[in-house]
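model this:
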Amino acid sequence: MIFEGKIELCESKTVKKIIFDVPTNASELIVRFEYSPTSIGPLQNHVNLLFHDSLGRFMGRYDRGTKNFVVGLDASEAAVRGKPLPGKWTVFFENHQLFCDVRYKLEIVVEGNEEFHTFKGELHTHSRHSDGLLSVEELSTFLKKKGFDFFFLTDHSNVSGWRELGSVAGAVGFPGQELNTFKGHALVLGAKTFVDWKDEEGQEKDFSTIVREVHGQGALVGVAHPFAMGDPVCVGCKWTYAFDPFSLDFVEVWNADLSRVELNYEAVGNWLKAVRSGKRITATAGRDLHKRDESDWMSNYVSARGMELSEILWAIKSGRVYLSSVGEIKIDVSGKSVGDTVFHRGSVVLRVENLPRLSLLVVRKREVQRFDVCGSFEKKIDVEEPEDVLILMGFDSEVRPALIVNPIFLIRGDPS
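Prediction:
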């Protein structure tokens, strides 16, 4: 990728930004930047670059003295170490001082051959650091025996359990918390520090302020059990903020085990309505685990390039998640999968494998089709809408949910 242009004298002490796409296979970004003239006699033109990734995290600064700038596992001195996340990145031109117009050339070289893998995760758990019955280690061991690869520790408004996550021997544990507010419960995934829903005077923060704090840490925020029974039965459990729960990073559409139909179908229905109207918000499941539980529940199957925290967060934010109580399945829509965008010329081919016997709903913006399936399923689907979504929902013989698949986005035409 090459970006060339001019920064005019009148743009001194202003900020300019460029957005660029990092592909899904990226392991390393190599950046080369130059501008001229760099000075007029003893007076230096001073332009710096700051890079932010697709989660909004700061990834490094290209300064006047920078000779080598690489974002990757073998990062250069001025860059943050780690595989570059896919998606839209932002580079800010900080034009600190200009004494004349300057011409610039920014070259970004992408290298890598990253591939995606499926990881089973639980996003809503409690330990003895709040009202759970298990230690963090016991929680990790139990979830590993249940086949989980990772979990987020989301104790109620507490992060003291995070200190134990690095030593667990079972499922990999990531930092999280459940904000217990008077107006609902929110899950924060991947924050670096404690997030409070109150200010220093004990006054309730506007929820948009909380969202900014979470995103400022490169973390995600979503609503837990938004339509749970509220006061006085479950104090503070129901979402009553004016803030739209379907405008966040994710929403917990299935809470607890499979028996909680009345609690969850309202959440599922409202999520479907939001997505079909054009919103992009990831549906997740949370067992809300407080103790050992041998019942079946909806698990999150996340498609990520690795089981590092940033990769899991990016996958959740990008909708590369399906919820299943019947194990891992394979979903393909004309060569793409969950969370992807498919460009087509009027039809797509849906293929699903490893299915138990289910009643499968294929949901789009203006149409729902039902099929009885078992094993493998393949269907050519005609698409008339210029922009559409394809969502899968499966139900077992007891009409319990077995599968909820986040949207594949369908766009008529060729990639621009």
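
SS state for the residue nearest to residue 389 when sequence neighbours are not counted?
Leaving aside its chain neighbours, residue 389 sits nearest to residue 407 (4.1 Å; criterion: CB to CB, 6 or more residues apart in numbering). (Glycine included, C-beta is placed from N, CA and C.) Using DSSP: H, G, I helix; E, B strand; the rest coil, the structure places residue 407 in strand.

distance of residue 407 relative to residue 364?
Computed as CB to CB, to the nearest Å, the residue 407 to residue 364 distance reads 9 Å.

give the residues shared as contacts by these two.
Shared contacts of residue 407 and residue 364 (CB atoms under 8 Å, 6 or more residues apart in numbering): 389-391.

returning to that earlier point: close enough to count as contact, the residue nearest to residue 389 and residue 275?
Yes. If you go by CB atoms under 8 Å, residue 407 and residue 275 touch, sitting 5.7 Å apart.

what's the overlap in contacts for these two?
With CB under 8 Å, 6+ apart, residue 407 and residue 275 have common neighbours 389, 391.

that older thread, check contacts around the residue nearest to residue 389.
Taking CB under 8 Å, 6+ apart, we find residue 407 in contact with 275, 280, 319, 338-339, 389-391.

so which of those residues sit within strands?
In strands, defined here by DSSP state E, the members of the contacts of residue 407 are 389-391.

need those in JSON lines with distance to residue 179, neighbour count and pLDDT, can you?
Formatted as JSON lines, the ones in strands among the contacts of residue 407 follow (distance: CB to CB, whole Å; neighbours: other CB atoms under 10 Å; pLDDT from 0 to 100):
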{"residue": "389", "distance to residue 179": "30", "neighbour count": "18", "pLDDT": "98"}
{"residue": "390", "distance to residue 179": "33", "neighbour count": "22", "pLDDT": "98"}
{"residue": "391", "distance to residue 179": "28", "neighbour count": "22", "pLDDT": "98"}
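
need these in CSV (columns: distance to residue 163).
Conversion of the ones in strands among the contacts of residue 407 to CSV gives the following (distance: CB to CB, whole Å):
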residue, distance to residue 163
389, 41
390, 43
391, 39
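
out of those, which is nearest to residue 156?
Minimum distance to residue 156 across these is 31.7 Å, recorded for residue 391 (CB to CB).

residue contacts, the closest residue to the closest one other than its chain neighbours?
Counting by CB to CB, 6+ apart, residue 363 is the residue found nearest to residue 391 once chain neighbours are left out, at 4.2 Å. Neighbour list for residue 363: 272, 276, 389-393 [criterion: CB under 8 Å, 6+ apart].

from residue 396, how far off is residue 363?
Counting by CB to CB - residue 363 and residue 396 are separated by 18 Å.

same check, this time on residue 59
For residue 59 relative to residue 396 (CB to CB), the value is 45 Å.

ok so, going back, the contacts of residue 363: which two are farthest apart?
Longest distance between any two of the contacts of residue 363 is 13.8 Å, between 276 and 392; criterion CB to CB.

of these two, who's got more company?
Neighbour comparison, residue 276 and residue 392: the larger count goes to residue 392, with 23 against 17 (by other CB atoms under 10 Å).

hang on, the earlier thing: need the contacts of residue 407 in TSV with distance to residue 196, can you?
Shown next, in TSV, are these (distance: CB to CB, whole Å):
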residue	distance to residue 196
275	31
280	28
319	29
338	34
339	31
389	36
390	40
391	35
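
find the nearest non-adjacent residue to residue 105, please.
The shortest distance from residue 105 to any non-neighbouring residue, by CB to CB, 6+ apart, is to residue 4 (5.0 Å).

my read: that neighbour touches residue 104, true?
Yes. The pair residue 4 / residue 104 is scored as a contact, 6.8 Å apart, by CB under 8 Å.

of these two, who's got more company?
Shown here are residue 4 and residue 104; by other CB under 10 Å, residue 104 has more neighbours (17 against 9).

A strand includes residue 265, no?
No. The assignment for residue 265 (three-state DSSP) gives helix, which keeps it out of a strand.

of residue 59 and residue 396, which one has the most company?
The neighbour count for residue 59 versus residue 396, taken as other CB under 10 Å, is higher for residue 59 (21 against 17).

and the helix or strand where that one lies, what does it pack against?
Assigned by DSSP states H and E, residue 59 falls within strand 58-62. Strand 58-62 sits against strand 46-52, strand 69-71, with contacts defined as 3 or more CB pairs under 8 Å, 6 or more residues apart in numbering; DSSP states H and E.

need the residues that contact the first one.
For strand 46-52, contacts defined as CB under 8 Å, 6+ apart pick out 7, 31, 33, 35, 58-64, 71, 79, 89-98, 102, 104, 106.

buried ones among these?
Buried members of these, counted by 16 or more other CB atoms under 10 Å: 7, 31, 33, 35, 59-62, 71, 79, 89, 91, 93-95, 98, 102, 104, 106.

which residue ranges form the strands in the stretch 201-350 of the chain?
Here the stretch 201-350 of the chain has its strands, by DSSP state E, counting those that start in this stretch, at 220-223, 250-255, 282-286, 299-304, 321-324, 330-333, 341-344, 347-363.

could you dump the ones you listed into CSV with distance to residue 118 and mean pLDDT added?
Shown next, in CSV, are those (distance: least, CB to CB, whole Å; pLDDT from 0 to 100):
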stretch, distance to residue 118, mean pLDDT
strand 220-223, 19, 98
strand 250-255, 18, 97
strand 282-286, 15, 98
strand 299-304, 6, 98
strand 321-324, 9, 98
strand 330-333, 9, 98
strand 341-344, 19, 97
strand 347-363, 11, 97
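
residues in contact with the residue most central in space within the chain?
Nearest residue to the geometric centre of the chain (CA atoms, centre = their mean): residue 317, 1.6 Å. By CB under 8 Å, 6+ apart, the contact list for residue 317 reads 54-55, 220, 249-250, 282.

need those residues in TSV (columns: neighbour count and distance to residue 156).
Putting the contacts of residue 317 into TSV (neighbours: other CB atoms under 10 Å; distance: CB to CB, whole Å) gives the following:
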residue	neighbour count	distance to residue 156
54	18	30
55	21	25
220	26	18
249	24	20
250	25	19
282	26	23
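
widest-spaced pair of the contacts of residue 407?
So, the contacts of residue 407 by CB to CB: farthest apart are 280 and 390, at 13.9 Å.

ok, residue 107 - contacts?
Residue 107 sits next to 1-3, 31-33 when contact means CB under 8 Å, 6+ apart.

thinking again about what came up before, and the contacts of residue 407, which is closest to residue 297?
Distances from residue 297 to these, taken by CB to CB, are shortest for residue 338, at 19.5 Å.
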